[in-house]
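**Q** coordinates only, sequence not included:
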């Protein structure tokens, strides 16, 4: 059976704990058939709405003088815990409901290693947390050294870097559990960003793109397939236009051409396509697929989805 890493968007998991409990039931029903067929599965999830909610709660309480400000790395760790808790329980329940017993499902706190010299640290771009007026934002910048920018006319907001992942701290543990056929939930929200120090590692204020982190994880644990699950069943060019065309597959050359043409929206399909290509290039005898959550099972059978391929690709 195949070893599969799937990247599941945070927006697919709802905007509140109650919404999330409903959403994870849907996710479990789509993913468990892969487990029932005997495939090894690692599920990486986004955390955009969830980590924003956690960060906003701490920021609001800090503004009121109730608690100290919470570093963003810690907020990411918290989001991994509670999203994993919901996913783990629902996947386990769905496996049991289908008559399969004794399949371990585990959530692993995951730290993603980044280079402290990554250029992204000089150009923070990812807005997080509360909105402030300009005077308050400038006071916070002077007090903390953080960067705040005006965000679309809605106020000033803290921005953090988005560096590229270069490693996963828990790779050995992940690989061990993966080959032991445990279902693993890992890499939540792109992982907790850490940098190497003289002794050990240290968390940093940053947001790692979930799809890039999942691609790196899939590469390091030697997955056969890397699935990016999004809102559409296939990738399209000329999206939303009369000449829109759905793509069954893309080569490296095709991806690069479409990116140069501006076919994929930044912050939407572009990082997904880039992450899929990153995995396909690192593992040319394996395959990356972009499809919807509902179509994951059909895509594994080669009946739908957009495949990003390199020479000797299995699909």
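**A** The structure has been received and is ready for your questions. Here the structure is a predicted model, which is why all the values come from computation and not from measurement. Residues are numbered from 1 along each chain as shown.
**Q** neighbours around residue 173, how many?
**A** Residue 173 is flanked by 14 other residues according to other C-beta atoms under 10 Å. Placement of C-beta: from N, CA and C, glycine included.
**Q** Show me what counts as buried in stretch 260-276.
**A** By 16 or more other C-beta atoms under 10 Å, the buried positions in stretch 260-276 come out as 263-264, 269-276.
**Q** Could you find which two of those are furthest from each other?
**A** 263 and 275 (15.9 Å; C-beta to C-beta).
**Q** I'd like the next helix or strand past the worst-scoring helix or strand of the chain on mean pLDDT.
**A** Ranking every helix and strand in the chain by mean pLDDT, DSSP states H and E puts strand 126-132 at the bottom, with a mean of 78. Of the helices and strands lying after strand 126-132 in sequence (DSSP states H and E), the nearest is helix 134-144.
**Q** Could you list every helix and strand in contact with the helix or strand that that following helix is followed by?
**A** Once helix 134-144 ends, the next helix or strand along the chain (criterion: DSSP H and E) is strand 147-150. Secondary structure elements in contact with strand 147-150, counted by 3 or more C-beta pairs under 8 Å, 6 or more residues apart in numbering; DSSP states H and E, are helix 134-144, strand 156-160.
**Q** And the contacts of strand 147-150?
**A** 124, 127, 132, 134, 137-138, 140-141, 156-160 (C-beta atoms under 8 Å, 6 or more residues apart in numbering).
**Q** Show me which of those residues are buried.
**A** Buried among the contacts of strand 147-150 by 16+ other C-beta under 10 Å: 124, 127, 132, 137, 140, 156-160.
**Q** quick check, nearest of those to residue 197?
**A** residue 160 (19.2 Å).
**Q** Just grab the bridge partners of that closest one for me.
**A** residue 126 (DSSP bridges).
**Q** Can you verify my assumption that it contacts residue 207?
**A** Yes: Residue 160 is within contact range of residue 207, at 5.6 Å (criterion: C-beta atoms under 8 Å).
**Q** pLDDT score for residue 313?
**A** On pLDDT, residue 313 comes in at 52.
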